[in-house]
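1. I'd like to go over a predicted model; first the sequence, then the structure.
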Amino acid sequence: MKDGPFSFNLGEGGFIPDEYDNHIQRRLSNMKGQYLDQEAYQVKLAQEDILLYEVYEIKRPEIEGEILHGISIVHPGKVGEEYFMTKGHFHTVLETAEIYYTLKGRGYMVMETPEGEWAVEELAAGRVLYVPPRWAHRSINLQEDEDLVMFFAYPGNAGHDYGTIETQGFRKLVLDKGNGPEIVDNPRWLPSEGG
Ligand code: F6R
Ligand code: ZN
């Protein structure tokens, strides 16, 4: 971890992997049960456990007052009709927000609250997306052959609740049935107990 103030590059020349402390890679095998077309998922996985997305983190203490930040890269591709996407999560401390700044590419952020509201916002290079407290979030790359690259920042004490999305899914999915991205109800969405 760096001592004292520090800076790093995001502008001209893009981000520099060496400037980050931690590199996380998520592959197809990490997304079991998340894609709608489970047969297409199994077929693809049997061919290759491909890299779906990566996160480069600057290490900071995971405590209130700190800001955790880094870069997320969602690679292009599809599983069946569904675009490559992140797992998605609620923050464990629900009342914590997050900021995303898209550096490169085009996509959607799919979001929902435990109360049942949902939203899909466009991610486009040069635009900032604010994810308010309480909103689960998943980023999706809508492009054919380019990475979706974003800078993110969120409170140090937020934590990640992946379990809720793993078991109940998001209410909305983004599919391409041949005419580009379509936001559809998730037929497998399962409300959690008491939800
Ligand atoms: C952190 C955050 C992002 C994601 C990243 C990967 O709170 O929202 O840094 O962690 O986009 O997505 P997940 O964590 O859902 O696998
Ligand atoms: Zn988050």
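-> Yep, that arrived. Ligands and ions are numbered 1, 2, ... in the order given.
2. Enumerate the residues of this structure near ligand 1.
-> Residues of the chain lying close to ligand 1 by C-beta under 6 Å from any ligand atom are 26, 55, 72, 86-89, 98, 137, 139, 152, 154. The C-beta positions use only the backbone N, C-alpha and C, and glycine is treated the same way.
3. what distance separates the longest helix seen in the chain from the centre of its chain?
-> Ranked by residue count, the top helix of the chain under DSSP state H comes out as helix 38-47. Averaging C-alpha positions (C-alpha atoms, centre = their mean, to the nearest Å) puts helix 38-47 21 Å from its chain's average.
4. How about stretch 95-108?
-> 9 Å.
5. Can I get that stretch in PDB? Just the C-alpha atoms.
-> Provided in PDB are the C-alpha atoms of stretch 95-108 (Å, rounded to 0.1, in the frame of the first residue of the first chain):
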ATOM      1  CA  GLU A  95     -26.300   2.700   2.400                       C
ATOM      2  CA  THR A  96     -23.100   3.200   0.400                       C
ATOM      3  CA  ALA A  97     -22.900   4.600  -3.100                       C
ATOM      4  CA  GLU A  98     -20.500   4.200  -6.000                       C
ATOM      5  CA  ILE A  99     -19.200   6.300  -8.800                       C
ATOM      6  CA  TYR A 100     -18.200   4.900 -12.200                       C
ATOM      7  CA  TYR A 101     -16.400   6.900 -15.000                       C
ATOM      8  CA  THR A 102     -16.400   5.200 -18.300                       C
ATOM      9  CA  LEU A 103     -13.000   5.500 -20.000                       C
ATOM     10  CA  LYS A 104     -13.600   3.400 -23.100                       C
ATOM     11  CA  GLY A 105     -16.400   1.600 -24.700                       C
ATOM     12  CA  ARG A 106     -20.200   1.400 -24.400                       C
ATOM     13  CA  GLY A 107     -22.400  -0.700 -22.100                       C
ATOM     14  CA  TYR A 108     -25.300  -0.700 -19.600                       C
END
